[in-house]
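> Using only what follows, build the 3D model:
(one chain, ligands or ions: 2)
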Amino acid sequence: MEQLVYNTLANKKEVFKTLEPGKVKLYLCGPTVYDYLHIGNFRGPIVFNMIRNWLEFTGYDVTFAYNYTDVDDKIIKKAQAENVDSRVISERYIKAFEEDFNNLKLKPHEFNPKVTDHIDAIIELIEGILKNGKAYEIDGEVFFSINDFETYGGLSKKKLDDLEAGSRVEVDSRKRNPHDFVLWKPSKENEPAWDSPWGKGRPGWHIECSAMVKAIFGDSIDIHGGGIDLIFPHHENEIAQSEACNCTKYCNYWIHNEFISMGDEKMSKSLGNVITANNFMKTYDGEVLKFLYLNAHYRSRLSVTDEKIRQSVSALYRVYSAKNLAEQVIEKIEATAVESKNFSKELKAFEDKISESMHDDFNTAETISVVFEATRLFNSSLTKKRKSVEDKAIAQSYLKFLDSYGQILALFCEDSSSYLDSLDEMILSLNSISKSEVEKLLADRNEARNNKKWEQSDLIRDQLAQLGVEVLDGSAKGWRSKV
Ligand code: AMP
Ligand code: ZN
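Ligands and ions are numbered 1, 2, ... in the order given. Have a look, this model is predicted:
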């Protein structure tokens, strides 16, 4: 089956073909490390982790680079406010990012380049652009000349004339075109500065990704990713810089994920409507965030609401309960499993459906709905007593299925019984009930039972039920949340 990828460059789905057979070079624009990241910032890492896993599953060898922007006005401003070196700020927030990233349990990237480690590569790239006559220097500042790059606007579908007409910003009169952008600029006092052929200075924003891509992968890559806000000007400028220097196509497939929003607005630090990843993890966890995101298509805008979080938690509860049941069935039946032909046949149909969805521009929403169909089928296929040798085979096949697609989505891989416990607690917290309140009621009920006060014990059971807690007398924990 051909892999279809929605390519922003073509504005349509295209058949995916790699530069080198079997190998994928993938670069995703990473964060500017000046503050704690919000959950919207993690849509990219979660989506592209899935894309890489799926491509690997279908036989590609993927190399993934995700950068840290550690030279930036916002970093400098914060460093000046705290009276420390810029590096203190960037290292602090790289560490914070890594903590969030680890909580998400995604596959580590092969490369996490930093801009400050690539200044020589940046200077070399700018020299190449200058040599090819597509940039000019004025007073220690180097500008890219978009009039000299014919295909400028090709990614964002912006025309130069429209750009000029729409320009409202005060224009630097030294520029040949108001939209010429900075490749290198002199550093002000107390700003990080590096020696260059144009004097002491620092790079403009866009040049860093072009330079890091070239340093890691060479002149061309297969996939470049990022949020849709980066299409213009960042990615448009990356294409201009790289192609102006290297004289060859920079990237074949541009994949952009839509925004995460709060209500109708994009989640954004500047609007102040953010949930930091760190805060989200305190109440929920990486699994819930991954489920929330992958349950939607990466090209659709997703609004994070309490209701959606609640739905994700209960959806995870259903899958993990089935996983737990499958494990118990396998453990209890000692006899050798005997295949259930019907179940295997239906599971195979589900696998085909997933393959079709994923080949069609990584449709994880469809994939997850198939996982639920398979879960329903699993639950209904077991015999009432769950003791037959076919039950064992059904449980084994279901677990294999869940593991296989779970690994691609980076979901459903937690230990089932301890994860069900975590979900129980998340549900309590969603219902604003404290765990200690539940435990106190359970202890009271136990005491009533010990004293053979059955009426009182039933009363407490009802009270717990009203809190959404089901009493389980047989189990060690003694309760579970109702979903
Ligand atoms: P920044 O640190 O602002 O450069 O953003 C880092 C990455 O997060 C970029 O790829 C952005 O496109 C992405 N991003 C920022 N806000 C959101 C959001 N609300 N939803 C999805 N992606 C976002
Ligand atoms: Zn970038």
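> For the residue of the stretch 101-250 of the chain at minimum distance from ligand 2, give me its contacts.
The minimum distance from the stretch 101-250 of the chain to ligand 2, using Cβ to the ion, falls at Cys209 (3.3 Å). All C-beta spots, glycine's among them, are computed from the backbone N, C-alpha and C. Cys209 sits next to 27, 29, 67, 234, 238 when contact means Cβ atoms under 8 Å, 6 or more residues apart in numbering.
> Try it again at 10 Å.
27-30, 65, 67, 69, 113, 115, 118, 224, 226, 230, 234-235, 237-238, 241-242 (Cβ atoms under 10 Å, 6 or more residues apart in numbering).
> Skip the chain neighbours and tell me the closest residue to Lys185.
Glu141 (5.0 Å; Cβ to Cβ, 6 or more residues apart in numbering).
> Which residue ranges of the stretch 1-150 of the chain form strands?
Secondary structure of the stretch 1-150 of the chain by DSSP state E, counting those that start in this stretch: the strands cover 4-7, 12-15, 23-28, 61-66, 135-138, 141-144.
> any idea which element the nearest residue to Leu28 once chain neighbours are set aside lies in?
Distances taken as Cβ to Cβ, 6+ apart put Gly225 closest to Leu28, at 4.2 Å, once the chain neighbours are dropped. Applying DSSP states H and E as the criterion places Gly225 in strand 221-227.
> Switch the strands of the stretch 1-150 of the chain over to a markdown table; also include distance to ligand 1 and mean pLDDT.
Below are the strands of the stretch 1-150 of the chain laid out as a markdown table (distance: least, Cβ to the nearest ligand atom, whole Å; pLDDT from 0 to 100):
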| stretch | distance to ligand 1 | mean pLDDT |
| --- | --- | --- |
| strand 4-7 | 16 | 98 |
| strand 12-15 | 21 | 98 |
| strand 23-28 | 7 | 98 |
| strand 61-66 | 10 | 98 |
| strand 135-138 | 24 | 98 |
| strand 141-144 | 20 | 98 |
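> Columns mean neighbour count and distance to Lys74 on top of those, output as TSV?
Listed next are the strands of the stretch 1-150 of the chain as TSV, based on neighbours: other Cβ atoms under 10 Å; distance: least, Cβ to Cβ, whole Å:
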stretch	mean neighbour count	distance to Lys74
strand 4-7	20	31
strand 12-15	12	36
strand 23-28	22	20
strand 61-66	20	19
strand 135-138	18	25
strand 141-144	23	21
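> still on that earlier bit, what about the residue nearest to Leu28, neighbour count?
Applying other Cβ atoms under 10 Å, we find 25 other residues in the vicinity of Gly225.
> Tell me which residues touch it, please.
Per Cβ under 10 Å, 6+ apart, neighbours of Gly225: 8, 26-29, 44-45, 47-48, 51, 64, 66, 235, 251, 253-257, 298.
> and the closest residue in space to Thr116 that isn't next to it in sequence, how many neighbours?
If you skip the residues right next to it in sequence, Thr116 has Asp70 as its closest partner in space, 5.3 Å away by Cβ to Cβ, 6+ apart. Residues near Asp70, counting by other Cβ under 10 Å, number 25.
> Please apply the same query to Leu289.
A count of nearby residues for Leu289, using other Cβ under 10 Å, gives 25.
> what's the following helix or strand after the strand or helix carrying it?
Assigned by DSSP H and E, Leu289 belongs to helix 286-294. Using DSSP H and E, the helix or strand that follows helix 286-294 in sequence is strand 302-303.
> and that following strand with ligand 1, contact?
No - Strand 302-303 lies out of reach of ligand 1 by Cβ under 6 Å from any ligand atom, never closer than 8.2 Å.
> Give me the sheet partners of that strand and which way each runs.
Sheet pairing for strand 302-303, assigned by DSSP bridges, gives strand 260-262 (parallel).
> which element follows the partner strand toward the C-terminus?
Using DSSP H and E, the first helix or strand after strand 260-262 is strand 265-266.
> Just the buried residues of the next helix or strand after that next one, please?
Later in the chain than strand 265-266, the nearest helix or strand by DSSP H and E is helix 277-283. By neighbour count on 16 or more other Cβ atoms under 10 Å, the buried set for helix 277-283 is 277, 280-281.
> any chance of those residues in TSV, plus pLDDT and distance to Asp444?
Shown next, in TSV, are these (pLDDT from 0 to 100; distance: Cβ to Cβ, whole Å):
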residue	pLDDT	distance to Asp444
Ala277	97	38
Phe280	96	34
Met281	95	33
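> Those also near ligand 1: which ones?
Counting by Cβ under 6 Å from any ligand atom, nothing from the buried residues of helix 277-283 sits close to ligand 1.
> which of the residues you listed lies closest to ligand 1?
Within those, distances to ligand 1 taken as Cβ to the nearest ligand atom reach their minimum at Ala277, with 11.3 Å.
> Skipping its backbone neighbours, what lies nearest that closest one in space?
Counting by Cβ to Cβ, 6+ apart, Ala277 lies nearest to Asp100, which is 4.1 Å off, once chain neighbours are set aside.
> my guess is the one you found contacts Ile275, does it?
No - applying Cβ atoms under 10 Å as the test, Asp100 and Ile275 come out as separate, 11.9 Å apart.
> Between these two, tell me which one has more neighbours.
Asp100 (22 against 18).
> That one and ligand 2, how far apart?
Asp100 sits 19 Å away from ligand 2, going by Cβ to the ion, to the nearest Å.
> Mind naming the longest helix for this structure?
helix 306-332 (DSSP state H).
> Report the buried residues of the helix or strand following that helix.
In the C-terminal direction, the helix or strand that comes right after helix 306-332 (DSSP H and E) is helix 341-359. Under the neighbour-count criterion of 16+ other Cβ under 10 Å, helix 341-359 has 343, 346-347, 350, 353-355, 357-359 buried.
> Tell me the first helix or strand C-terminal of helix 341-359.
Following helix 341-359 in sequence order, the next helix or strand is helix 364-381 (DSSP H and E).
> Which secondary structure elements does that next one sit against?
Secondary-structure packing of helix 364-381 (3 or more Cβ pairs under 10 Å, 6 or more residues apart in numbering; DSSP states H and E): helix 43-57, helix 286-294, helix 306-332, helix 341-359, helix 389-409.
> From the chain's centroid, how far away is the longest one?
Meaning helix 306-332. 22 Å (Cα atoms, centre = their mean, to the nearest Å).
> Now do it against helix 364-381: the angle between them, please.
40 degrees (axes from the mean of the first three to the mean of the last three Cα atoms, to 10 degrees).
> List the buried residues of helix 306-332.
For helix 306-332, the neighbour count (16+ other Cβ under 10 Å) marks 309, 312-317, 319-323, 325-326, 329-330 as buried.
> Which positions in this protein make contact with ligand 1?
29, 31-32, 40-41, 43-44, 226-227, 229-230, 259-260, 266-268.
> Going through these, which ones are buried?
Using 16+ other Cβ under 10 Å as the burial test, these include 29, 31-32, 40-41, 43-44, 226-227, 230, 259-260, 266-268 as buried.
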